[in-house]
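[1] from the sequence below, what's the structure:
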Amino acid sequence: MTSLCPGVSRYEVLKNLAKNKETANIPFIFLSAKSDNREKSKGINLGSDDFISKPFSAKDLLEAIKSRLA
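    Coordinates of the predicted model:
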């Protein structure tokens with residue numbers, strides 16, 4: 001997920017999804033322009049399934065999605 005909603009962070013979205021029984025098992029992949037370990041760790045520690053830094057290839061993104069849906 002990349003941030004599309006002004007005023008709502010990806011971290012807030014992930015926390016809210018994780019709290020809800022109906023959405024807790026939805027795979028969540030961070031897409032970020034930031035590639036530092038602190039950013040990645042924060043997302044993974046909150047329950048993100050993967051963290052992909054930009055720029056990335058369509059192949060890399062599709063592989064991440066397929067592996068989470070398998």
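[2] tell me, how many neighbours does residue 29 end up with?
    Neighbourhood size, residue 29 [other C-beta atoms under 10 Å]: 17. Backbone N, C-alpha and C define where each C-beta goes, glycine included.
[3] residues contacting residue 56?
    Contact analysis of residue 56 by C-beta atoms under 8 Å, 6 or more residues apart in numbering lists residue 31.
[4] so for it, what's the pLDDT?
    For residue 56, the pLDDT comes out at 92.
[5] now it, what are its backbone angles?
    When read as degrees, to the nearest 10, the backbone of residue 56 gives phi -140, psi 160.
[6] and it, how close does it get to residue 33?
    Note on residue 56: its distance to residue 33, by C-beta to C-beta, to the nearest Å, is 11 Å.
[7] now do residue 52
    Look at residue 52 and residue 33: by C-beta to C-beta, they are 11 Å apart.
[8] for these two, indicate the residue with more neighbours.
    The neighbour comparison of residue 52 against residue 33 (other C-beta under 10 Å) goes to residue 52, with 18 against 10.
[9] now do the SS call for that one.
    Following DSSP: H, G, I helix; E, B strand; the rest coil, residue 52 is assigned to strand.
[10] hmm, it is touching residue 29, no?
    Yes. Proximity of residue 52 to residue 29 meets the contact threshold set by C-beta atoms under 8 Å, at 6.3 Å.
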